[in-house]
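K.L.:
Need the 3D shape of this:
(2 chains)
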Amino acid sequence: MNFAIVLRRLGLSLLGFAPFMLTPLVVAALHGEVRLFRPFIDAGAIVALAGLLAWFAARKAAGAMRLREGFLFITLFWCVLSLAATLPLLFTGALHLPFVSAFFEAVSGLTGTGATVITGLDALPRAILWYRAQLQWLGGFAVAVIALAALPVLNVGGMQLYRGDPLNPTRQDRILPRARDIARAFIIVYLLLTMACASAYWFAGMQPFDAIAHALTTVSTGGFSTHDSNLAWFQNDAVEMVAIFFMLAGGISFAVHLFALRRLDPGIYWKHAETRLFIVLVLWMSLLAAAYLLSHHHTASVFDVTLNAVFQVVSIMTTSGFRTEHYADWPGFLPVLLIFIGIMGACAGSAGGGMKVFRVALVWLQGLRELRLLVHPASEAPVKFAGRLANASVVEAVWGFFAAYTLLYTLLMLLFMSSGLDQVSAFSAVAATLNNLGPGLGEVASNFAAVPVAAKWVGIIAMILGRVEIFVVAVLFTAEFWRH
Amino acid sequence: MNFAAVQRVFGVLLMAFSLTMLPPAAVSLLYRDGEATSFLASFLLLAIGGVALWWPVHREHRDLRRRDGALIVALFWIVLGLAGALPLLLNEGIEMSFTDAAFEAVSGLTTTGATVIIGLDTLPRSILYYRHQLQWLGGMGIVVLAVAVLPLLGVGGMQLYRAETPGPSKDTKLTPRLAETAKTLWVIYAALTVACIVAYRLAGMHWFDAIGHGFSTISIGGFSTHDLNIGYFDDVLIEMVAVAFMFIGGINFALHFQAMRHGRVMAYWQDPEFRAYLFGLIALASFVSLYLLARDYYADVGTSVRQAVFHAVAIMTTSGFASDDYAAWPGMLPVLLMLSSFIGACAYSTGGGMKVIRWLLLARQGARELKRLLHPHAQFATRMGGRAVPEKIVRAVWGFFSVYVMVFALLMILTMALGLDQVTAFSAVAACLNNLGPGLGEVTSNYATVPAAAKWVLMTAMLLGRLEIFTLLILFTPAFWRK
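P.N.:
The predicted structure follows:
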């Protein structure tokens, strides 16, 4: 185990993160929020120092990062950066946040969850609002890069299906380009999308600050807003439509975006199996939700109800978590159906969370195959998805992921209930955190402010586990990992 | 697909089933509760139906094949379950809609134990007896049919090797050994039932209650002759008898077979599934006890342990007996218990759930996935009982688990769409799919308030659970019916 390499990378990550503690200073200056200077400067200094020390201690580290280092690094990346991100929130006296709440907010920001423990957002200093939004934006980018640069190599939950060059998906090499190259390519897409989104929001009627802040959290499928009532605050159809479009963009693989951009071919989205399935499911679920809602709300206009339905479905399936009303208030089975959709989640290689569409597709296809095998035991036709063969190792990894996910879900639900939440709230709290979704039902429909401290800790763990796709952390707990 | 052979077997089954209408008729005459006519009428109708099916094909002697077996197993529970509603519909002691009668009958035959009847204590004796008999027959159906037939089909990995599996070899045809094995299993089942009845009697139950509860304990069914279930007796001894026989009923009958046929009592301890089953129950009971104690729910340690042990065993084995209102227990206990029913009892027992052995395999398969992350190019085998598990079975178990979960989610959504609230839907589907019986929320004591459409969905869940999902789903694939 080459700890030095991991330490050096962590140091570099922290150093890379530190400048982003300073960008809120610009916002603070613009809005005359002088009192916010200290928290950010202090936090930035500490993070930079920590990064420098770590890098310095490990500067002589040699060798490449291999499997074990990869698992350890990814886990520590999220944990350490989340802790670092906590500092400004902790230092800002005006927020009155105890450590666990500040940590929760930071994790929720960085993992793109979007569940907040803060009430009274509308009155918060702009610098803080900017900082939260920025966290989600950074986190969303990190997710996409890690997903396509690291996870396929680490074979996490069947991600080896996405082996090959994400910059050139027709090649299925075993050698991946370096994370740096992927990041460099993705950042262009990400920036373009963010700017387009901000402009669109502004055209739709948002003030410049809101437009940018929401663009940051829309493209990253984060869900943080500058208002307590989230996007409902705007009461603006155009805003909602912009949100729908860019949430979808955030939920689609960045590699697909890149490919479509390079070829200037929007048809790429339809040709890519996972994206196609994602879009088709969004359409079907929206249809179902809209139809059910219309049958219950005879007085409302068809357009309003449909827009609302599409918005909620997209928001939850991309695991953004924006809301124009509390989906918890929807009639009948819709809230639970939406939770299941959120469990399915977005596409692999996007900023979204959940199990990922390709895994659900594979589980479904494999299930059908098992059924066929009962009738014709001799037929050994393997499963194909996205033109790639899902060989035995992929198939079993996906199943393993599905099982681990389900069991973790029930365990977390029991833990949430133990900490005081009722069954309905607990069930949705897991969905909200493990899928990096945001809002739940019951007590956690608007925010996590009122939940017990123990529940907040469970939520933090769930958010990180969801982001690292479970197995990355799980493997750290095996004896095998630490043996030479 | 040898429809003629299937029809012949089915005719015989129906005729045999019609005969089971006679004991309740006798009970009715014994207690003079006036219901004898409904049972005799049912007997006639079913007998005629059976003969009508059997006669045209009674000369059919070709062997049954695998697919025929699947069809028979599925039809056994669907058709006999619905046929079992007949006496309940015809009787005058209680007014039941067709939905309710079907629900009660299917719940009985699948040994689920969910009831729509309120006021059990005042029902005619023959009706009470009939319900329990249904469960006993259902348990026997599992033990004989499922043990003999399902392994051939390889459902959900159940063609697991055993040192000396009772039953046919892995041919495509059902061999004559089936009859012999079935007979032995039936004898074991009957012997255990008698022992249970006697034990209940010695513990203080009257004969009627003893017989009824004996039937529903060994079959891991959960029906009682009282609304308060086992709680009615408020007797530690009775509860312990129940615990003992629920535990026994939940053990792989192949192990009972080996113990009886070859005197191999050590076979129990040597079986990994049995060990996991035992430890699982102990662990669950311990955790529940400690939790109850920590929350000061009961006045003293004795009661906490007593209630914890009883419900841990009753719910995890999917019997569904209750000695207290466990749905009111604090914190996460009710949900935890519901979730434990997904584990269920051992394979080839009368219990429900996914079966302990599948969970054992899942745990090992999961551990293998973690190992593979660290050594992507190495070949690892999943091992059980000192042998490597074939990849075919590994995949079948994975597939079973994911389909089970997805079916659960789908049924939960469906029942919610039909009117159940989230907590009720969650527990009702879990309770029926796992053949447990009682749930939480609206279905803690009975299913009387559940809308009719939802009852049909739940009946489907009971059948899916009993048939281990795939056996039922397979009937819906076109390939099954093709040559």
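K.L.:
For the rest of this, base every contact and every neighbour count on C-alpha atoms.
P.N.:
Noted.
K.L.:
What parts of the stretch 351-483 of chain B come near chain A?
P.N.:
B:365-366, B:369-371, B:373-374, B:376, B:395-396, B:398-403, B:413-414, B:416-417, B:419, B:421-423, B:470, B:473-474, B:477, B:479-480 (CA under 8 Å from any CA of the partner chain).
K.L.:
Narrow those residues to just the buried residues.
P.N.:
Buried members of those, counted by 16 or more other CA atoms under 10 Å in any protein chain shown: B:365-366, B:369-371, B:373-374, B:376, B:395-396, B:398-403, B:413-414, B:416-417, B:419, B:421-423, B:470, B:474, B:480.
K.L.:
Now tell me which helix or strand of the chain has the poorest mean pLDDT.
P.N.:
Since you didn't name a chain, this refers to chain A. strand A:388-390 (a mean of 76; mean pLDDT, DSSP states H and E).
K.L.:
Chain B is the one I meant
P.N.:
Using mean pLDDT, DSSP H and E, the lowest element in chain B is helix B:147-153, with a mean of 60.
K.L.:
who does the helix or strand just after that one touch, helix- and strand-wise?
P.N.:
Counting by DSSP states H and E, the element after helix B:147-153 in chain order, helix or strand, is helix B:177-203. Counting contacts by 3 or more CA pairs under 8 Å, 6 or more residues apart in numbering or on different chains; DSSP states H and E, helix B:177-203 packs against helix B:147-153, helix B:207-218, helix B:236-249, helix B:253-262.
K.L.:
closest one to chain A among those helices?
P.N.:
Taking CA to the nearest CA, helix B:147-153 is the member of those nearest to chain A, at 6.8 Å.
K.L.:
Flag every residue of the stretch 1-150 of chain B that's near chain A.
P.N.:
Going by CA under 8 Å from any CA, the residues of the stretch 1-150 of chain B near chain A are B:Arg67.
K.L.:
Can you find the residue of the stretch 1-150 of chain B that comes nearest to chain A?
P.N.:
Closest point on the stretch 1-150 of chain B to chain A, by CA to the nearest CA, is B:Arg67, at 7.9 Å.
K.L.:
elements contacting whichever strand or helix holds that residue?
P.N.:
Using DSSP H and E, B:Arg67 maps to helix B:66-83. For helix B:66-83, the elements it packs on are helix B:3-19, helix B:98-109, helix B:147-153, helix B:470-473, judged by 3+ CA pairs under 8 Å, 6+ apart.
K.L.:
Now for whichever residue of the stretch 201-350 of chain A sits closest to chain B: which residues touch it?
P.N.:
Closest contact between the stretch 201-350 of chain A and chain B, by CA to the nearest CA, is at A:Phe333 (5.0 Å). Going by CA atoms under 8 Å, 6 or more residues apart in numbering or on different chains, A:Phe333 touches B:413-414, B:416-417, B:422.
K.L.:
how close does it sit to A:Leu307?
P.N.:
19 Å (CA to CA, to the nearest Å).
K.L.:
anything in stretch A:275-294 near chain B?
P.N.:
No: on the criterion CA under 8 Å from any CA, stretch A:275-294 is out of touch with chain B, staying 9.7 Å away.
K.L.:
try stretch A:363-379
P.N.:
Yes: using CA under 8 Å from any CA, we find that stretch A:363-379 touches chain B at A:363, A:366-367, A:370-372, A:374-375.
K.L.:
Turn these into TSV, columns for secondary structure, distance to A:Ala392 and pLDDT.
P.N.:
Converted to TSV, those look like this (DSSP: H, G, I helix; E, B strand; the rest coil; distance: CA to CA, whole Å; pLDDT from 0 to 100):
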residue	secondary structure	distance to A:Ala392	pLDDT
A:Val363	helix	13	92
A:Gln366	helix	11	89
A:Gly367	helix	14	87
A:Glu370	helix	13	84
A:Leu371	helix	17	83
A:Arg372	helix	17	82
A:Leu374	helix	18	78
A:Val375	helix	20	76
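K.L.:
where's A:Arg276, which helix or strand?
P.N.:
Assigned by DSSP H and E, A:Arg276 falls in helix A:273-296.
K.L.:
centre of the chain versus that helix, how much separation?
P.N.:
How far helix A:273-296 lies from its chain's middle: 21 Å, per CA atoms, centre = their mean, to the nearest Å.
K.L.:
CA atoms only for the helix or strand that that helix is followed by, dumped as PDB, please.
P.N.:
Sequence order places helix A:302-317 as the next helix or strand after helix A:273-296, per DSSP H and E. Output in PDB follows, covering the C-alpha atoms of helix A:302-317 (Å, rounded to 0.1, in the frame of the first residue of the first chain):
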ATOM      1  CA  VAL A 302     -53.600  20.500 -18.300                       C
ATOM      2  CA  PHE A 303     -50.400  22.500 -19.200                       C
ATOM      3  CA  ASP A 304     -49.800  23.400 -15.500                       C
ATOM      4  CA  VAL A 305     -50.200  19.900 -14.300                       C
ATOM      5  CA  THR A 306     -48.100  18.400 -17.100                       C
ATOM      6  CA  LEU A 307     -45.300  20.800 -16.600                       C
ATOM      7  CA  ASN A 308     -45.400  20.200 -12.900                       C
ATOM      8  CA  ALA A 309     -45.300  16.400 -13.500                       C
ATOM      9  CA  VAL A 310     -42.400  16.600 -15.900                       C
ATOM     10  CA  PHE A 311     -40.500  18.900 -13.600                       C
ATOM     11  CA  GLN A 312     -40.800  16.600 -10.600                       C
ATOM     12  CA  VAL A 313     -40.000  13.500 -12.600                       C
ATOM     13  CA  VAL A 314     -36.900  15.000 -14.100                       C
ATOM     14  CA  SER A 315     -35.800  16.600 -10.900                       C
ATOM     15  CA  ILE A 316     -36.000  13.300  -9.100                       C
ATOM     16  CA  MET A 317     -34.700  11.000 -11.800                       C
END
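K.L.:
Pull the distance from helix A:302-317 to the chain's centre.
P.N.:
From the chain centre to the centre of helix A:302-317 is a distance of 20 Å (CA atoms, centre = their mean).
K.L.:
what does stretch A:300-316 give?
P.N.:
The answer for stretch A:300-316 is 22 Å, by CA atoms, centre = their mean.
K.L.:
Using neighbour counts, pick out the buried residues of it.
P.N.:
Neighbour counts over stretch A:300-316 (16+ other CA under 10 Å) mark A:305-316 as buried.
K.L.:
Contacts made by it with the rest, please.
P.N.:
Contacts for stretch A:300-316 (CA under 8 Å, 6+ apart): A:240-241, A:243-244, A:247-248, A:282-283, A:285-287, A:289-290, A:293-294, A:321-324, A:327, A:338-339, A:341-342, A:345, A:437.
K.L.:
Quick check on the residues you listed: which are buried?
P.N.:
Counted by 16+ other CA under 10 Å, the contacts of stretch A:300-316 give A:240-241, A:243-244, A:247-248, A:282, A:285-287, A:289-290, A:293-294, A:321-324, A:327, A:338-339, A:341-342, A:345, A:437 as buried.
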